[in-house]
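Trainee: I'd like to go over a predicted model; first the sequence, then the structure.
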Amino acid sequence: MDYDTILYDLTGGIATITLDRPDRMNALTPQMRAELADALKRASEAARVIVLTGAGAAFCSGQDLGEGTTAAAVDLERVLRDEYEPIIRAIAEAPVPVMAAVNGPAAGAGANLALAADVVIAARSAYFLQAFTRIGLMPDAGGTYALPRQVGFARAMGAALFADKIDADQAADWGMIWEVFDDAVFEDGWRDRARQLADGPTQAYRAVKTAMRASFENDLEAQLSLEARLQGKCGTTRDFKEGVMAFREKRAAAFEGR
């Protein structure tokens, strides 16, 4: 697929997917959603880490309301099932870490697209906004799943009901995101983090992602069993052997991702 609304770059094991409608704050259109789903699938098969970010001043302002998105014109249930769910599932099921590099405002479905990632890094000027009730809707695109797990029930409800902006520092304090960089060093910061993941033990990262995402549904016995099974697989990898050898030789490990 050729892309018109996103940019795709694969360099050094890092697949960078950039939402590229800066004049519309990277608002999501049907075409953009289709291209994003395709790019995530493509990156999952080729990269060691995937980065989602936005062009211009915003990360993503959510659904493009300038495209006639009204109750009469759009079947929102169909749009969510056919266009948004494949994106959220692709992020969750990607065999490599997915990082959201939130360079600016992330609102509505744009906020929940970011929060679906495995790790979120934000510029200090960025903010997150569950804007849905401002137009008579409820959070979607996985927001009602991610938010309560990340910040707890009370904060998730407040964010959804009042639709207040949550700035990057507050989001970090609440546990919504991992790290905040000053705007001047934001790009260098997230690129360094992406490089760290791309150079790391890919199979171990896959196991981490699988176990962490399963932990909310498993009881203790199921989780212990999953840990044992996944750790057993990690123990057979070349990266584990390299990691132990590097530790013994007091040098940095050179992981191959296998």
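Mentor: Yep, that arrived. Numbering: from 1, shown residues only.
Trainee: same for the helix ranked longest in the chain, what does it pack against?
Mentor: With secondary structure taken from DSSP state H, the chain has its longest helix at helix 30-46. Here helix 30-46 touches strand 6-11, strand 14-19, strand 49-54, helix 85-93, going by 3 or more Cβ pairs under 8 Å, 6 or more residues apart in numbering; DSSP states H and E. Glycine gets a C-beta too; all of them are placed from N, C-alpha and C.
Trainee: Could you pull out the buried residues of that helix?
Mentor: Met32, Arg33, Ala34, Glu35, Leu36, Ala37, Asp38, Ala39, Leu40, Arg42, Ala43, Ser44 (16 or more other Cβ atoms under 10 Å).
Trainee: okay, those residues in CSV with pLDDT next?
Mentor: Listed next are the buried residues of helix 30-46 as CSV, based on pLDDT from 0 to 100:
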residue, pLDDT
Met32, 97
Arg33, 97
Ala34, 97
Glu35, 98
Leu36, 98
Ala37, 97
Asp38, 97
Ala39, 98
Leu40, 98
Arg42, 97
Ala43, 97
Ser44, 97
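Trainee: Looking at those, spot the one nearest Tyr8.
Mentor: Ala39 (5.1 Å; Cβ to Cβ).
Trainee: The closest one against Leu10, yeah?
Mentor: No. Using Cβ atoms under 8 Å, Ala39 is not in contact with Leu10; the gap is 10.0 Å.
Trainee: Tell me the spacing between the nearest residue to Phe181 once chain neighbours are set aside and Glu249.
Mentor: Among residues not flanking Phe181 along the chain, Gly189 sits closest, at 3.7 Å (Cβ to Cβ, 6 or more residues apart in numbering). Distance, Gly189 to Glu249, using Cβ to Cβ, to the nearest Å: 30 Å.
Trainee: Who has more neighbours out of those two?
Mentor: Gly189 (18 against 9; other Cβ atoms under 10 Å).
Trainee: Please give the element, helix or strand, for the more buried one.
Mentor: helix 186-198 (DSSP states H and E).
Trainee: Which other helices and strands does that helix contact?
Mentor: strand 14-19, strand 49-54, strand 98-102, strand 119-123, strand 179-181.
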